[in-house]
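Enquirer: The following comprises the amino acid sequence and a computationally predicted model.
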Amino acid sequence: MGKVSASITLNRSIEEVFDFLNDQRNHANLNRHNFREFKILTPNSTGAGARSQFLLKTGAFEERVQLRVTTSKPYHLLVEEGHLKGGTFHLSWRLTPVSPSQTHLVLVTEYQPSGPAAFFEGVIQKAFVRIYTRVLTDLAQKLAAPA
């Protein structure tokens with residue numbers, strides 16, 4: 001099983017960061033470079049059970065991804081399960097307060113590649129790191145914008 005992580009400290013309270021991440025509609029604005037055609041698949045876009053879908057594009061690789069929120073623990077943890085042709089992954093958003101107005105966020109992906117994807121595990125890890133660096137950069141910019 002592979003594991004990739006990235007982290008950032010955000011100048012927003014833990015409640016603000018969690019509420020933003022917990023609403024899947026906000027994910028449509030994170031990393032538009034790699035995530036396209038984002039849509040919500042359930043009537044409710046927040047909390048456990050919320051599902052979304054997008055087209056993942058990185059280099060010549062392009063695949064439809066479906067995500068389902070499996071755990072939503074305000075204000076500390078959000079876990080999503082994702083499915084690709086090349087395997088399943090779990091994406092954890094782990095939040096820790098730094099101060100009343102700052103939050104440390106660690107984004108961790110654990111994945112189990114299958115079939116031909118298992119052969120390219122190193123390439124997959126590098127792609128996840130690039131993608132999540134963009135996600136965290138976009139998240140910081142969105143949360144820094146005036147409400």
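Expert: Everything's here; your move. Residues are numbered from 1 along each chain as shown.
Enquirer: And the strands in this structure?
Expert: 2-10, 35-40, 51-58, 61-73, 77-84, 87-99, 102-113 (DSSP state E).
Enquirer: do you know which of those strands lies nearest I131?
Expert: strand 51-58 (6.6 Å; C-beta to C-beta). For the C-beta atoms, the positions are set from N, CA and C on the backbone; glycine is no exception.
Enquirer: Can you give me the neighbour number for N22?
Expert: 20 (other C-beta atoms under 10 Å).
Enquirer: From what I see, it and Y75 are in contact.
Expert: No. N22 is beyond contact range of Y75, at 9.0 Å (criterion: C-beta atoms under 8 Å).
Enquirer: Now do the same contact list for S7.
Expert: Each residue near S7 by C-beta atoms under 8 Å, 6 or more residues apart in numbering is listed here: H104, L105, V106, L107, L136.
Enquirer: Now neighbour count too, for those, in TSV please.
Expert: Below are these laid out as TSV (neighbours: other C-beta atoms under 10 Å):
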residue	neighbour count
H104	15
L105	22
V106	14
L107	21
L136	19
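Enquirer: Adding distance to L84 and pLDDT, write those out as a markdown table.
Expert: Listed next are the contacts of S7 as a markdown table, based on distance: C-beta to C-beta, whole Å; pLDDT from 0 to 100:
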| residue | distance to L84 | pLDDT |
| --- | --- | --- |
| H104 | 28 | 97 |
| L105 | 23 | 96 |
| V106 | 22 | 96 |
| L107 | 17 | 93 |
| L136 | 21 | 92 |
